[in-house]
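Engineer: Give me the fold of what follows.
(one chain, ligands or ions: 2)
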Amino acid sequence: MRPEPPTSTAELTAPKISPVGNSANIKWHQCSVGKLDRQELLQQKGCVIWITGLSGSGKSTVACALSRALHSRGKLTFVLDGDNVRHGLNRDLSFKAEDRAENIRRIGEVAKLFSDAGVICIASLISPYRKDRAACRALLPEGDFIEVFMDVPLQVCEARDPKGLYKLARSGKIKGFTGIDDPYEPPLDCEIVLKQTERDCASPCDMAEQVISYLEEKGYLMA
Ligand SMILES: Nc1ncnc2c1ncn2[C@@H]1O[C@H](COP(=O)(O)OS(=O)(=O)O)[C@@H](OP(=O)(O)O)[C@H]1O
Ligand SMILES: Nc1ncnc2c1ncn2[C@@H]1O[C@H](COP(=O)(O)OP(=O)(O)O)[C@@H](O)[C@H]1O
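Structural biologist: Numbers count the residues shown, from 1 in each chain. Ligands and ions are numbered 1, 2, ... in the order given. Sure thing, here's the model as predicted:
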């Protein structure tokens, strides 16, 4: 049976799936201040911009350019960068497939909270598996998960190698490095593709503007 649509702003934040997980006797507590109230206050719609791509494809750069551009328009954003979250909340996780899945799951849940808060949350992490990205998409209301694919050839990322990690991976000093000896599954049907080639590379600001045009078109930047 399909669930009834929300009748009040507060109900919009209630989870679509059971919050119980492994715990028994847990009940969702509703608050009278809801997502719509917060969005009204902020004059924007909360959403998650999920930037996926290989290491070195420019995820963090475009995330920051986007955050800066939106900030200058008076919009509240927050960047969740894979590298940074692995310094704290996800410091217990490695790069094996199960840990990457848990990294993405946690960031997806945190991003959902930011989006419920009315914030434009920009998550930039490799997130190599379609299944894990799809699970994060499923946490959010239709349209609020905006997947951005950094479509950059491995050769370009490897030539940049700003942290020297590809070099270490090629010499076998890092095992299971995405794109070298670990998989990356490109999105099949994402909202935005930001393509770069060896010859043709838009600036981070231009790429941020492309995302902003999408947000404007879909009404996320309200008034
Ligand atoms: N084995 C392996 N594979 C890929 N990346 C590695 C690895 N080990 C360390 N790093 C560094 O960790 C950054 C990726 O972290 P993420 O949290 O984005 O990865 S994932 O989404 O869990 O796959 C990634 O950062 P970015 O270069 O910004 O993508 C790397 O600097
Ligand atoms: N649009 C771009 N054009 C040229 N170089 C870029 C662009 N975006 C990022 N870079 C460069 O590529 C490297 C990797 O960018 P970064 O944002 O750290 O990627 P990621 O977060 O995907 O690992 C950096 O040296 C950065 O300056």
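
Engineer: how close does Pro186 sit to Leu41?
Structural biologist: Distance, Pro186 to Leu41, by C-beta to C-beta, to the nearest Å: 38 Å. In short, each C-beta sits where N, CA and C put it, glycine included.

Engineer: residues touching the most centrally placed residue in the chain, list them.
Structural biologist: Taking C-alpha atoms, centre = their mean, the centroid of the chain lies closest to Trp50, which sits 2.5 Å from it. Applying C-beta atoms under 8 Å, 6 or more residues apart in numbering, we find Trp50 in contact with Ala111, Ala123, Ser127, Arg133, Cys136, Arg137, Phe145, Ile146, Glu147, Val148.

Engineer: Retrieve the pLDDT associated with it.
Structural biologist: With respect to pLDDT, Trp50 has a value of 99.

Engineer: Same question for the one 5 residues further on.
Structural biologist: Each residue has a pLDDT score; the one for Ser55 is 98.

Engineer: for Glu11, same thing?
Structural biologist: pLDDT, Glu11: 49.

Engineer: Which residue, neighbours along the chain excluded, lies closest to the residue in the chain that ligand 1 sits nearest to?
Structural biologist: Of all residues in the chain, Gly82 sits closest to ligand 1, at 2.4 Å by C-beta to the nearest ligand atom. The shortest distance from Gly82 to any non-neighbouring residue, by C-beta to C-beta, 6 or more residues apart in numbering, is to Leu125 (3.1 Å).

Engineer: Counting by contacts, list what the helix or strand harbouring Ile146 packs against.
Structural biologist: Using DSSP states H and E, Ile146 sits in strand 145-151. For strand 145-151, the packing partners by 3 or more C-beta pairs under 8 Å, 6 or more residues apart in numbering; DSSP states H and E come out as strand 47-52, helix 59-72, helix 130-138, strand 192-195, helix 204-217.

Engineer: Please repeat the previous calculation with a cut-off of 10 Å.
Structural biologist: Here strand 145-151 touches strand 47-52, helix 59-72, helix 97-116, strand 120-124, helix 130-138, strand 192-195, helix 204-217, going by 3 or more C-beta pairs under 10 Å, 6 or more residues apart in numbering; DSSP states H and E.

Engineer: Take the ones you listed and lay them out in CSV including distance to Leu165.
Structural biologist: Compiled in CSV, the helices and strands packed on strand 145-151 are given as follows (distance: least, C-beta to C-beta, whole Å):
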stretch, distance to Leu165
strand 47-52, 18
helix 59-72, 14
helix 97-116, 15
strand 120-124, 16
helix 130-138, 21
strand 192-195, 21
helix 204-217, 20
